[in-house]
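Undergrad: With the sequence up front, the predicted model follows.
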Amino acid sequence: MSSIKLINSSCVEQKVDAIVNAANRNLLSGGGICGAIFQKAGYIELNQACKKHKTPLNDGDAVITPAFNITNAKHIIHAVGPDFGHTPDAFDKLFNAYYNSLKVLMENNLHTISFPLISSGIFGGNLDNPVAISTEQCLKAYNKFITDYKEYNIEVLLCAYSMQEMFEAEKVLKLD
């Protein structure tokens with residue numbers, strides 16, 4: 001049976017089949033969670049794997065690479081969230097980043113995944129509450145996926161890194 005759970009932790013540290021990188025369009029190492037993933041996976045190896053994908057990707061796209069030196073996960077799914085500073089109404093693109101990550105998970109016969117709050121940091125732009133928006137889109141994508149693919153069980157961990165993020169995400173999810 002599929003499940004979604006909100007946790008107060010880094011998505012990089014979870015024991016799952018795939019961790020999600022809040023990637024940029026060119027799949028380059030960046031700051032925040034992206035930088036942490038590149039550092040833990042091994043910059044050279046992950047950079048070479050990312051170069052095999054045709055970039056720039058579009059907002060909402062998701063691609064997969066091995067996890068290399070990350071021993072708690074087998075793969076990294078790189079999901080490109082929109083930059084709300086440039087596209088303030090790109091909620092559908094954020095939904096697609098989550099949904100397409102779940103499709104990539106399934107296409108690779110994987111079942112467990114940990115997400116950061118995509119587009120809730122610097123890509124949150126001028127949104128009033130980017131954590132709430134990201135949480136809402138993750139939940140919508142999860143619900144659509146489990147409706148579209150009833151026979152495919154997934155376990156989703158949505159990771160709120162700070163206590164403030166956890167507080168804001170809990171208000172949206174209201175999960176037990």
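TA: Thanks, I have it.
Undergrad: list the buried ones in stretch 84-98?
TA: For stretch 84-98, the neighbour count (16 or more other CB atoms under 10 Å) marks 84, 90-91, 93-98 as buried. Every C-beta, even on glycine, is put in place using the N, C-alpha and C of the backbone.
Undergrad: tell me which of these is nearest to Thr55?
TA: Ala97 (15.4 Å; CB to CB).
Undergrad: Assign a three-state SS to the closest one, would you?
TA: Here Ala97 is recorded as helix under DSSP: H, G, I helix; E, B strand; the rest coil.
Undergrad: can you pull the contacts of it?
TA: 59-62, 79-82, 118-119, 137 (CB atoms under 8 Å, 6 or more residues apart in numbering).
Undergrad: Check which helices and strands the helix ranked longest in the chain is in contact with.
TA: Ordering each helix of the chain by length in residues (DSSP state H) puts helix 130-148 first. Secondary-structure packing of helix 130-148 (3 or more CB pairs under 8 Å, 6 or more residues apart in numbering; DSSP states H and E): strand 3-8, helix 91-107, strand 155-160, helix 163-173.
Undergrad: Let's see that with 7 Å instead.
TA: For helix 130-148, the packing partners by 3 or more CB pairs under 7 Å, 6 or more residues apart in numbering; DSSP states H and E come out as helix 91-107, strand 155-160, helix 163-173.
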